[in-house]
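K.L.:
Sharing a model prediction with you, sequence too.
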Amino acid sequence: MKKYIIILAIALFIYIIGLGFYLTVKGPQSDFIKNEPINNIKIGFIAPLTGEASNVGTTLLNVAELTIKEIENDKREQQFQLIVEDGKCSPKDAVSAVQKLISVDQVNIIIFGGCSGEVLAAAPLIDEHQVIGIATIAGSPDISQAGDYLFRLSLSDDRQSEFVANHITKQGFKRVAVISENTDYSQALRNSFKSSVDNKIIVADELYNTSDTDFQTLLTKVKSKKPEAIFIIPGGALTTTGLLTKEIYELGIKSQLYGTDQFTFDDLINDYSQYYQGMILAEAKFDPSNAAAKRLFEKYQETYSEKCSMGLFCATTHDALLLVKEAIDKCGSDNKTDCIKNYLYSIQAKAMTSGDLTIDENGDAQFEFEFKKINGNESVKL
């Protein structure tokens, strides 16, 4: 009898120890599964969330999060989970972010809401691992040939700069200055512009850095060349560009100003447009009053108590996630990236938030352009 009691006690002791070990290990796992269902579809999102271009990245992240909630409202069996990384508008940081998203988070789809340098640096990894990459604002022409798994829903800089170059040529200007920010985006546009005009008319070609705040020396040099027109090409640093236009105004430079669509962004036009009134720029045709765009902008205003300041690029970010949802639904899994890739290449005249969307053989969305002029705090058709 005593022996039986000892055996029973030993068995009970082993059971208690085992139960404690099970609860220690299993408890946190159960909680983790409860908070993050194993059937979640992870979508990577890389954008500049700190630094000079953080206003761009933060706005587009807000759009992405709104779109995820919109998708969740469909009561899908598999919900989307956004894995966010700060690309800092830095190629190095973007590469690190992509490596982490692919190897640690095991994502198959990455949305880029930031600079061309981020996208171009990450492109080889996108193609090597055959994951889908979608850029929603980056404009470098080099993105068109950067890989078979990389798509772009924004406009390519070469077409925008060619459009400006044609207008300058038709106006008969003989003395033109180019002032550009020293970023991949701006330099791609600058190079495309220079290849689209007779270089004999370019009397000044100056660069400024993202962190610059004093342009006196640069602008004094430009002014001495007596340009009839000045093409200003900003990167992501909108405040820096605003200060540049302020100094152009204060120096009394009367040249006809040309710019890019960034001069219509709220963060720039609301604070600095008084210094670049009459600027002519090429903008992609976009109707913000179309039903899908109107719903997005109203929801953004309601949620964040401010206007979605990136206009078209708010729409392209929204479209990127909606296309991903449709592609996954069609292909059955986010793992089937070849199927998703082929679906995206098949998009032709599809009604989306940004308008009727067509994706060409290079993975680029196609846009038509129109000339606009800054008048007050808005751009109006020329």
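P.N.:
All right, it came through fine. Residues are numbered from 1 along each chain as shown.
K.L.:
Let me know the average pLDDT across stretch 285-299.
P.N.:
What stretch 285-299 shows for mean pLDDT is 94.
K.L.:
Quick one: end-to-end distance for it.
P.N.:
End-to-end distance for stretch 285-299: 22 Å, by C-alpha to C-alpha, to the nearest Å.
K.L.:
same question, stretch 330-338
P.N.:
Start to finish, the residues bounding stretch 330-338 are 12 Å apart (C-alpha to C-alpha).
K.L.:
What segments of the stretch 1-150 of the chain are strands?
P.N.:
With DSSP state E, counting those that start in this stretch, the ranges of strands along the stretch 1-150 of the chain come out as 41-47, 80-86, 109-112, 132-135, 150-152.
K.L.:
a markdown table for the ones you listed, including distance to residue 302?
P.N.:
The C-beta positions use only the backbone N, C-alpha and C, and glycine is treated the same way. Formatted as a markdown table, the strands of the stretch 1-150 of the chain follow (distance: least, C-beta to C-beta, whole Å):
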| stretch | distance to residue 302 |
| --- | --- |
| strand 41-47 | 22 |
| strand 80-86 | 20 |
| strand 109-112 | 23 |
| strand 132-135 | 26 |
| strand 150-152 | 29 |
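K.L.:
Save the ones you listed as a markdown table, and put in mean pLDDT and distance to residue 215 too.
P.N.:
Formatted as a markdown table, those follow (pLDDT from 0 to 100; distance: least, C-beta to C-beta, whole Å):
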| stretch | mean pLDDT | distance to residue 215 |
| --- | --- | --- |
| strand 41-47 | 97 | 27 |
| strand 80-86 | 96 | 28 |
| strand 109-112 | 98 | 30 |
| strand 132-135 | 98 | 30 |
| strand 150-152 | 97 | 31 |
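K.L.:
out of those strands, nearest to residue 287?
P.N.:
strand 150-152 (20.5 Å; C-beta to C-beta).
K.L.:
what about the next helix or strand after the closest one, average pLDDT?
P.N.:
Using DSSP states H and E, the next helix or strand after strand 150-152 towards the C-terminus is helix 157-171. Summarised as a single mean, pLDDT over helix 157-171 is 88.
K.L.:
Pull out the buried positions in helix 157-171.
P.N.:
Residues of helix 157-171 classed as buried by neighbour count (16 or more other C-beta atoms under 10 Å): 157-165, 167-168.
K.L.:
Export the strands of the stretch 1-150 of the chain to JSON lines and append columns for mean neighbour count and distance to residue 213.
P.N.:
Shown next, in JSON lines, are those (neighbours: other C-beta atoms under 10 Å; distance: least, C-beta to C-beta, whole Å):
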{"stretch": "strand 41-47", "mean neighbour count": "25", "distance to residue 213": "24"}
{"stretch": "strand 80-86", "mean neighbour count": "18", "distance to residue 213": "24"}
{"stretch": "strand 109-112", "mean neighbour count": "28", "distance to residue 213": "28"}
{"stretch": "strand 132-135", "mean neighbour count": "28", "distance to residue 213": "29"}
{"stretch": "strand 150-152", "mean neighbour count": "27", "distance to residue 213": "32"}
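K.L.:
With that, I have no additional questions.
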